[in-house]
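Trainee: Provided below are the primary sequence and the corresponding predicted coordinates.
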Amino acid sequence: MSLKELRQLQKDLAKAISTYEDRHKAEARAKLEAIAKEMGYSLADLIGVEVKKTRAPAVAKYRHPENPALTWSGRGRKPQWFVEAVEAGKTAGELAVG
C-alpha cells in the first residue's frame, strides 16, 4: 500500500470508530432514558444536569461590501475584513445590513 492509501485508511478508520462510539452512546442514552421514564423520572431529574438548548445564530448586522457571504453579527471580535474596511475609510453604518 502507498502512503496515500494508508493515510486514507487511517482517516476512514477514525471516522468508523467515531461513528461506532456515537451510535453506542446514543443507544446507552436511549436505554437509560427508557428506564428512567419507566420509573417516572426524566434522565435530567436523575443526573441533575439540564439538557442544553441550542440557540439560533445571531443575526448579521454588517456585511462585507464586495463579498456578501462575509457577515458579522456585531458580537465578539471584529473580523479582519471589517477592520480593514474601517481603516480604508468606510464607516460601520456603511457596512450595516439593510
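Mentor: On my side now, so go ahead.
Trainee: contacts and neighbour counts: CA atoms only from here.
Mentor: Noted.
Trainee: What pLDDT is listed against E50?
Mentor: Looking at E50, its pLDDT is 65.
Trainee: Helices along this protein, start to end?
Mentor: Assigned helices in the chain, in chain order: 3-38, 43-47, 80-87, 92-95 (criterion: DSSP state H).
Trainee: Show me what the shortest one packs onto, helices and strands only.
Mentor: Helices and strands in packing contact with helix 92-95 are listed as strand 62-63; criterion 3 or more CA pairs under 8 Å, 6 or more residues apart in numbering; DSSP states H and E.
Trainee: what about the helices of the chain, which gets the closest to K61?
Mentor: Minimum separation from K61 across the helices of the chain (CA to CA) falls at helix 92-95, 8.3 Å.
Trainee: what's the worst-scoring helix or strand of the chain on mean pLDDT packed up against?
Mentor: Lowest mean confidence among the helices and strands of the chain (mean pLDDT, DSSP states H and E): helix 43-47, at a mean of 84. Judged by 3+ CA pairs under 8 Å, 6+ apart, the packing partners of helix 43-47 are helix 3-38.
Trainee: quick one, domains of the protein?
Mentor: Per automatic domain parsing, the structural domains of the chain span 3-47, 62-95.
Trainee: Could you export those domains as a markdown table, including mean neighbour count and distance to A56?
Mentor: Conversion of those to a markdown table gives the following (neighbours: other CA atoms under 10 Å; distance: least, CA to CA, whole Å):
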| stretch | mean neighbour count | distance to A56 |
| --- | --- | --- |
| domain 3-47 | 12 | 23 |
| domain 62-95 | 13 | 12 |
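Trainee: Out of the ones you listed, which is closest to K53?
Mentor: domain 3-47 (13.1 Å).
Trainee: returning to what we had before: next, format the domains of the chain as JSON lines and append distance to K53.
Mentor: As requested, these are exported to JSON lines (distance: least, CA to CA, whole Å):
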{"stretch": "domain 3-47", "distance to K53": "13"}
{"stretch": "domain 62-95", "distance to K53": "20"}
